[in-house]
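**Student:** sequence first, then the predicted structure, then my questions.
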Amino acid sequence: MQGFNSVTQSLSATGTTVPIPVLPVWGNVGMLPGILVTLTSGASLTYSVEVTGDDVLASGYQASAGNWVGFSNMTGLTASNAGTLGAVVTAVRLHVTAYTSGTVTLQFVQASAQ
C-alpha cells in the first residue's frame, strides 16, 4: 500500500454527518475502501451507514435532498461494526436515527496501491 485517505466523523445526537466523497481507484483490484463504526461504552443509539451515487461535489449540492440508501448490512445497528465498500458509490455518511446517549464514530479508509 503506497498511500491511504482516512476520514473520521462522529455524532452524539440524531442526524447525519457530512458526506465523505469516495475517490475513484481504477485498476486497484483488492483495494476496497474500509468502513469502521465504533460506539462509546454504554452508548444507546441506532445508526446506519448510507451511500449515494449523487455528485456530492457539485456546486449547490444539498445532502438533505440527495438519494441516500442504507449500505448492505450496516443499517439499523446498535453496536460497533466493520465492512468493506464493494459497491460503486460516490459518497458515504453516518446517520443516527435514534439517540439516548453516547457517541458513534465512522472511520472511512481508502487505500491506494499506485
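**Tutor:** Right, received. Where do you want to start? Numbering: from 1, shown residues only.
**Student:** now the strands for this protein?
**Tutor:** With strands called from DSSP state E, the chain shows them at 3-11, 15-16, 20-21, 34-39, 44-52, 68-70, 81-84, 91-101, 104-112.
**Student:** so which bits of the fifth one are buried?
**Tutor:** Residues of strand 44-52 classed as buried under the neighbour-count rule (16 or more other CB atoms under 10 Å) are L45, T46, Y47, S48, V49, E50, V51, T52. Placement of C-beta: from N, CA and C, glycine included.
**Student:** would you mind giving those residues as TSV with pLDDT added?
**Tutor:** Compiled in TSV, the buried residues of strand 44-52 are given as follows (pLDDT from 0 to 100):
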residue	pLDDT
L45	98
T46	98
Y47	98
S48	97
V49	97
E50	97
V51	95
T52	95
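**Student:** between the residues you listed, which is nearest P21?
**Tutor:** If you rank these by distance to P21 using CB to CB, T52 comes first, at 10.2 Å.
**Student:** and the gap between the closest one and T103?
**Tutor:** For T52, the distance to T103 equals 24 Å [CB to CB, to the nearest Å].
**Student:** swap in V96?
**Tutor:** 10 Å.
**Student:** could you do E50 as well?
**Tutor:** Applying CB to CB to E50 and T103 gives a distance of 18 Å.
**Student:** swap in V56?
**Tutor:** Using CB to CB, we find V56 at a distance of 24 Å from T103.
**Student:** likewise for G60?
**Tutor:** G60 is 31 Å from T103, where distance means CB to CB.
**Student:** between the two, which has more neighbouring residues?
**Tutor:** T103 (15 against 4; other CB atoms under 10 Å).
**Student:** how about the contacts made by that one?
**Tutor:** When contacts are counted by CB atoms under 8 Å, 6 or more residues apart in numbering, T103 is found next to S10, L11, S12, L39, T40, A43.
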